[in-house]
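# sequence plus predicted model, see below.
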Amino acid sequence: MKYLSFEWTEPTTLAAELSTPIKQVFLEFGHHGRPMFVTLWRPNGAGLRLHSEMHDVAERREVGVLSFNCVRVPPRDKTIVDLPAEFDHEITVFKLIVQESGTSAESGVILKAGSHEIAVVAGAYPYSLAVSGALSVPHIFEPEYPIDRYTRVRIE
Amino acid sequence: MQNGSTTYTYDAENRLTALSSPAWYYVYDGDGSRVEKCTTSTCPSSGTGTVYWRNLAGDPISESGLNGTVNHEYIFFNGERAARRETSGNAVSYYFADHLGSADVVTNATGTITKESDYYPYGGEIPISGSDINNYKFTGKERDSESGLDEFGARYYASPFGRFMTPDWAAKPTAVPYASFGNPQSLNLYSYVNNNPTTIRDADGHCLEDACVAESLAVAALTAYVASPAGQQLLHNAAKDIVSAIGSLFHSSDKSTTAPPTQSNPAPGTQTGATVPATAPAVPLPAGLVGTQDDKSGSQGDRHNSGPLDPAHGGVGDAAQDFATLTGGKSGPAAAGSNYPPGTQVGENGTALRPATATAGPRIDIPANGDKSHETLHYPKPKPKPAQ
């Protein structure tokens, strides 16, 4: 079986980056009104920026895989979401894996702090993201597949 | 003119100047804009009333008493009333209007709804909850509590009748002002927006046919857009943006980015700022699948994979031409820094054309629209050109 991992090229481990406390989430929207980038912004003035990359897995079948990179400058045009204080402490991280056409793809993450959860998953619209928890508005959460199709695996 | 016990008095220019019961008097400037209303014929020297202070567009940006003391200030964005400030106590109220500009929801500065109303097609108010002093109601026009009439500028409108109180008129003498002889509805000079009140609004008390038609199309497109997920997202962000922006106007020392704490689900976050473009799409998104359906087509989660644009929808088999059809030619390269593959084109309606890759042909991504899911049109990989 083919396996598509998160795209991460920094020297640190992605698990360590994702479990670092965050205070805000920045969302950048595309023309279609769906998030294209999500930045987890930390109290130290740095962030982890997520987006989705599409991968062909079969004819007319493609799946989104999350890609991460560290940023030190906040994006210019963004919607800012202030997070509850629980995210100031260490965060429990799960990755979401989906099976499609004989391929497993790491398509999402869940950040859990206290009773709060933020899910960022590759969106149904190619190259978009679906975000839940941080933004609780209608239509905003449009993952590529129904959320119960993803396998949740804790990463540490 | 009399209506039961009330007498309406008009001047030579057919402007309402007095109401007998209750007694109110109206004063206009040389351009016909109402500048004052009061309870005695000798105003402003006596009685009570309101003086209107307007901007160059004619929007009342301040209202004062007859002594000139400002009572209310209004903030307009793009000609739409967005907020009101009480000069006594500095309380701020925000206006949330429907597609016609009717003030459906008024909130206080923390986002709590203080007044919510719906409107019948011709403007009658259906109070839902709360109370507020707002008197700018149907399509954002002032409703005079003493008469129940809406002040549209050139004329007064009676929402219970769905008719203007006086016939339409034109500055340049003409047989039937603003009439289109191909549309008999326009021959009734008392009618409101040619009897299309749910899609058209009257800007100034005159119904100029061309303007009505253009406005109708724009409103229809906007209505379709706001019903779509993209539109919903746009509205959500725009509302937040307005609250944030106006809040900064009134509380310039307050740089907090925390949004009103009363939103329905404040945890885990609140939000400010927005990046969603504030324009309706030039070409509406398809309401149904438009790609060719064959044995390789089908749903993949919440996205539908199709073949090239169906000829029944204008498809010619060429991704670039079909993309132009779907976007009306209104597109451009994906923004610098976007995560789309290099060479991607994005239409104003959010539709994207991704170029062919080493392993697959070009694709067109069409955003969801209402109940219709996202759809990706897959094109065959171009055959390599034979060597010359």
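Right, received. Where do you want to start?
# for residue A:1, see how far away the residue lying closest to residue A:100 once chain neighbours are set aside is.
Excluding the flanking residues, the one nearest residue A:100 by C-beta to C-beta, 6 or more residues apart in numbering or on different chains is residue A:63, at 4.8 Å. All C-beta atoms are positioned from the backbone trio N, CA, C, and that covers glycine. Going from residue A:63 to residue A:1 by C-beta to C-beta, to the nearest Å gives 13 Å.
# residues contacting the residue nearest to residue B:301 when sequence neighbours are not counted?
Setting aside the residues directly before and after it, residue B:301 is nearest to residue A:145 in space (C-beta to C-beta, 6+ apart), at 3.6 Å. Neighbouring residues of residue A:145 by C-beta atoms under 8 Å, 6 or more residues apart in numbering or on different chains: A:98, B:300, B:301, B:302.
# lowest mean pLDDT among the helices and strands, pick that one out for chain A.
strand A:79-82 (a mean of 80; mean pLDDT, DSSP states H and E).
# coming back round to it: which SS class is the residue nearest to residue A:100?
Here residue A:63 is recorded as strand under DSSP: H, G, I helix; E, B strand; the rest coil.
# what's the burial count for it?
Around residue A:63 sit 27 other residues, with neighbours defined as other C-beta atoms under 10 Å in any protein chain shown.
# how about the one 3 residues further on?
Around residue A:66 there are 26 other residues, counting by other C-beta under 10 Å.
# for it, phi and psi?
Residue A:66 adopts backbone torsions of phi -70, psi 140, taken as degrees, to the nearest 10.
# tell me which residues touch it, please.
Contacts of residue A:66 by C-beta under 8 Å, 6+ apart are A:6, A:7, A:50, A:51, A:52, A:53, A:106, A:107, A:108, A:109, A:120, A:122.
# for burial, what's the neighbour tally of the fifth one?
When you say that, I think you mean residue A:52. 29.
# from what I can see residue B:350 touches residue A:30, true?
Yes - in this structure, residue B:350 is within contact of residue A:30 by C-beta atoms under 8 Å, at 7.0 Å.
# who has more neighbours, these two?
The neighbour count for residue B:350 versus residue A:30, taken as other C-beta under 10 Å, is higher for residue A:30 (28 against 23).
# what secondary structure does the closest residue to the more buried one other than its chain neighbours sit in?
Using C-beta to C-beta, 6+ apart and skipping the chain neighbours, the partner closest in space to residue A:30 is residue A:36 (4.4 Å). Recorded secondary structure, residue A:36: strand (three-state DSSP).
# isn't residue A:36 right up against residue A:130?
No - assessed by C-beta under 8 Å, residue A:36 is found out of contact with residue A:130, at 11.4 Å.
# ends of stretch A:2-14, how far apart?
21 Å (C-alpha to C-alpha, to the nearest Å).
# and what of stretch A:12-24?
The first and last residues of stretch A:12-24 sit 21 Å apart, counting by C-alpha to C-alpha.
# assign residue A:18 to helix, strand or coil.
Assignment for residue A:18 (three-state DSSP): helix.
# counting neighbours, what do you get for it?
24.
# which residues does it contact?
Residue A:18 touches A:40, A:48, A:91, A:93, A:109, A:111, A:155, counting by C-beta under 8 Å, 6+ apart.
# compare the residues you listed and tell me which is most surrounded.
residue A:40 (28 neighbours).
# which residues does the closest residue to residue A:124 other than its chain neighbours contact?
Nearest residue to residue A:124, sequence neighbours excluded (C-beta to C-beta, 6+ apart): residue B:302, at 3.8 Å. Residue B:302 is in contact with A:124, A:142, A:143, A:144, A:145, A:146, B:373, B:374, counting by C-beta under 8 Å, 6+ apart.
# buried ones among those residues?
Among the contacts of residue B:302, those buried by neighbour count (16 or more other C-beta atoms under 10 Å in any protein chain shown) are A:124, A:142, A:143, A:144, A:145, B:373, B:374.
# okay, these in CSV with distance to residue B:86 next?
Below are the buried ones among the contacts of residue B:302 laid out as CSV (distance: C-beta to C-beta, whole Å):
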residue, distance to residue B:86
A:124, 46
A:142, 41
A:143, 45
A:144, 49
A:145, 51
B:373, 47
B:374, 46
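# helix or strand for the residue most central in space within chain B, which one?
The residue lying closest to the centre of chain B (C-alpha atoms, centre = their mean) is residue B:99, at 3.9 Å. Using DSSP states H and E, residue B:99 is not contained in any helix or strand.
# quick check: it vs chain A, distance?
17 Å (C-beta to the nearest C-beta, to the nearest Å).
# in chain A, which spans are strands?
A:2-4, A:24-29, A:35-41, A:47-58, A:61-71, A:79-82, A:92-100, A:103-113, A:116-122, A:129-132, A:151-155 (DSSP state E).
# out of these, which is closest to residue B:382?
strand A:47-58 (15.9 Å; C-beta to C-beta).
# quick check: chain neighbours aside, which residue is closest to the residue in chain A sticking out farthest from the centre?
Distance from the C-alpha centroid of chain A, by C-alpha atoms, centre = their mean, peaks at residue A:59 (25.8 Å). Once flanking residues are discounted, residue A:59 sits nearest to residue B:296: 6.1 Å by C-beta to C-beta, 6+ apart.
# let me know the pLDDT of the one you found.
pLDDT, residue B:296: 92.
# what about it, neighbour count?
14.
# quick check: the nearest residue to residue A:61 once chain neighbours are set aside vs residue A:151, distance?
Excluding the flanking residues, the one nearest residue A:61 by C-beta to C-beta, 6+ apart is residue A:101, at 4.9 Å. Taking C-beta to C-beta as the measure, residue A:101 falls 16 Å from residue A:151.
# so which of the contacts of residue A:145 comes closest to residue B:74?
Nearest member of the contacts of residue A:145 to residue B:74, counting by C-beta to C-beta, is residue B:302, at 42.8 Å.
# what's the distance between the closest one and residue A:54?
Taking C-beta to C-beta, one finds residue B:302 at 15 Å from residue A:54.
# report pLDDT for the spatially most central residue of chain A.
The residue lying closest to the centre of chain A (C-alpha atoms, centre = their mean) is residue A:120, at 3.3 Å. We have a pLDDT of 95 for residue A:120.
# try residue B:24
pLDDT, read off for residue B:24, is 90.
# count of neighbours near the nearest residue to it once chain neighbours are set aside?
Nearest residue to residue B:24, sequence neighbours excluded (C-beta to C-beta, 6+ apart): residue B:146, at 4.8 Å. Residues near residue B:146, counting by other C-beta under 10 Å, number 13.
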